[in-house]
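> here is my input, please return the structure:
(one chain, ligands or ions: 1)
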Amino acid sequence: MADLRPDNPYAPDRFPDRERRVEFPPDAKEKFEYILTRYPTKEAALLPTLHLAQEVFGWISPEVVHYVGSLLDLSPATVFGVVSFYNMYNQKPVGKYHLQVCTNLSCMVNRAYDIYEHLCEKLDVQPGQTTADGRYTVAEVECLGSCDTAPVVQINNDYHENMSVEKMDAWIRSRS
Ligand code: FES
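As a prediction, this is how the structure comes out:
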């Protein structure tokens with residue numbers, strides 16, 4: 001069976017490259033200013049600001065963690081604590097299609113691991129990794145809150161419910 005654990009959070013690539021500056025483009029800055037008006041404190045705006053950052057940069061890199069912290073007067077540790085708590089924030093670059101397989105209880109007993117392992121084999125990737133062509137990232141995630149339609153696979157922002165290996169194969173064929 002493949003190694004199902006994520007990368008070491010203390011690996012060198014988890015630290016920011018001080019030479020690499022990140023900054024919101026003007027339209028994202030406007031959105032950020034609007035977000036601030038919607039929350040009572042800067043800290044309370046952390047989750048939507050991270051969503052905005054992910055939309056702009058594609059993932060939450062260590063540089064983005066520091067940038068968001070500087071915008072909201074929060075320490076990088078506070079920002080990283082939130083980023084690492086939620087599945088919805090990508091801690092590594094992801095492919096065009098982010099295949100997130102829920103393997104919590106309801107999905108697990110409905111054969112989610114068959115789907116997960118099948119995807120890794122079929123696409124020839126390790127868990128959490130992206131195919132060489134940058135099209136697919138396969139990841140294991142915690143409960144997606146749709147246990148009554150298990151097993152569930154989230155593909156980018158969409159839920160695919162009552163999934164099976166066969167349905168997953170059909171979906172991949174439809175993208176070819
Ligand atoms: S256990 Fe998979 S959606 Fe809840």
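> alpha carbons only for contacts and neighbour counts from here, please
Noted.
> could you pull out the strands for this structure?
Taking DSSP state E as the test, the strands found in the chain are 97-102, 136-141, 153-155, 158-160.
> so which of these is nearest the ligand?
Closest of those to the ligand is strand 97-102, at 4.7 Å (criterion: Cα to the nearest ligand atom).
> what packs against the closest one?
helix 112-123, strand 136-141, strand 153-155 (3 or more Cα pairs under 8 Å, 6 or more residues apart in numbering; DSSP states H and E).
> near the ligand, anything from the first one?
Just to be clear, that refers to helix 112-123. No: for a cut-off given as Cα under 6 Å from any ligand atom, helix 112-123 has no contacts with the ligand; the smallest distance is 8.3 Å.
> all helices of the chain, in order?
26-37, 46-57, 62-72, 76-85, 105-109, 112-123, 165-175 (DSSP state H).
> with distance to Ser146 as extra columns, can I get those helices in TSV?
As requested, the helices of the chain are arranged in TSV below (distance: least, Cα to Cα, whole Å):
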stretch	distance to Ser146
helix 26-37	28
helix 46-57	21
helix 62-72	30
helix 76-85	19
helix 105-109	9
helix 112-123	13
helix 165-175	17
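> so Tyr89 sits right up against Trp59, yeah?
Yes: counting by Cα atoms under 8 Å, Trp59 is a contact partner of Tyr89 at 7.0 Å.
> shared neighbours, the two?
Shared contacts of Tyr89 and Trp59, defined by Cα atoms under 8 Å, 6 or more residues apart in numbering, are absent.
> can I get the helices of the chain in JSON lines with mean pLDDT and mean neighbour count?
Formatted as JSON lines, the helices of the chain follow (pLDDT from 0 to 100; neighbours: other Cα atoms under 10 Å):
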{"stretch": "helix 26-37", "mean pLDDT": "98", "mean neighbour count": "13"}
{"stretch": "helix 46-57", "mean pLDDT": "96", "mean neighbour count": "18"}
{"stretch": "helix 62-72", "mean pLDDT": "95", "mean neighbour count": "20"}
{"stretch": "helix 76-85", "mean pLDDT": "94", "mean neighbour count": "16"}
{"stretch": "helix 105-109", "mean pLDDT": "98", "mean neighbour count": "17"}
{"stretch": "helix 112-123", "mean pLDDT": "97", "mean neighbour count": "19"}
{"stretch": "helix 165-175", "mean pLDDT": "96", "mean neighbour count": "12"}
